[in-house]
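Chemist: quick check, what structure comes out for this input:
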Amino acid sequence: MSTITGIEKIAKVDSRPIGRTAAYWIVTVILAFSIALSGIGQLMRYGGNVDLVTDIGFPLYITNILGTWKLLGVITLVIPGFPRLKEWAYSGIFFLMTGAALSHGFAHDYGDGGFHVILPLFYAALGIASWALRPKSRRL
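Modeler: Just a heads-up that it's a prediction; the model follows:
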C-alpha cells in the first residue's frame with residue numbers, strides 16, 4: 001500500500017475495455033471499407049453503379065457527388081482528431097444510406113430480396129454502431 005505525500009497526485013487512467021475498442025475498430029473498418037469501395041465504384045461508374053442510380057430516376061452526375069462525399073466521409077472517420085468533423089461524417093453517412101434505402105423503396109427498385117434497401121440500412125446501422133462505440137478521443 002502506498003501513501004501520497006506532498007503534491008503528488010494519482011492520475012486516473014481512463015481504462016476502456018479491450019472488447020469495446022476492438023468492436024469499435026472492427027465495425028469502423030468494415031464501414032469505412034464498404035463505403036470507400038462504393039464511393040470509388042461511383043466515381044469510376046464501375047459495375048452496376050450507373051444502372052443503380054439511373055433506374056430510380058437520378059441523373060448520372062449524382063455518382064460524382066455521392067462518390068466524392070463518401071470518400072471524404074471515410075477519410076474523416078479513420079484519421080485521428082477532428083471530433084466535430086467526425087460527427088458531421090457520421091450524420092452524413094446515416095442520411096446518405098437511409099436516403100438511398102428510401103429512394104430505392106419509393107422507386108419500387110428493391111433488388112433481389114430487397115438488397116437495394118437492406119444493404120444501405122445495414123451500412124446506416126454500422127454507422128450508428130461505430131458512432132456509439134467510438135472512444136472519448138473521437139467525441140466532442
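
Chemist: give me the most central residue, this structure.
Modeler: Nearest to the geometric centre of the chain sits Gly127, at 4.2 Å (C-alpha atoms, centre = their mean).

Chemist: what residues are up against that one?
Modeler: Going by C-beta atoms under 8 Å, 6 or more residues apart in numbering, Gly127 touches 31, 90, 93-94, 97. (Each C-beta comes from the backbone N, C-alpha and C, glycine too.)

Chemist: what do you get for Gly41?
Modeler: By C-beta under 8 Å, 6+ apart, the residues touching Gly41 are 47, 49, 67.

Chemist: quick one: mean pLDDT over the helix or strand where it lies.
Modeler: Assessed by DSSP states H and E, Gly41 sits inside helix 18-44. Averaged over helix 18-44, pLDDT sits at 95.

Chemist: just stretch 74-88 next, same as before
Modeler: The pLDDT scores in stretch 74-88 average 95.

Chemist: ends of that stretch, what's the gap?
Modeler: This stretch, stretch 74-88, spans 11 Å end to end (C-alpha to C-alpha, to the nearest Å).

Chemist: residues in contact with it?
Modeler: 28, 31-32, 35-36, 39, 89-90, 93, 130, 134, 137-140.

Chemist: filter those residues to the buried ones?
Modeler: Those of the contacts of stretch 74-88 that meet the buried threshold are 28, 31-32, 35-36, 39, 89-90, 93, 130, 134, 138, by 16 or more other C-beta atoms under 10 Å.
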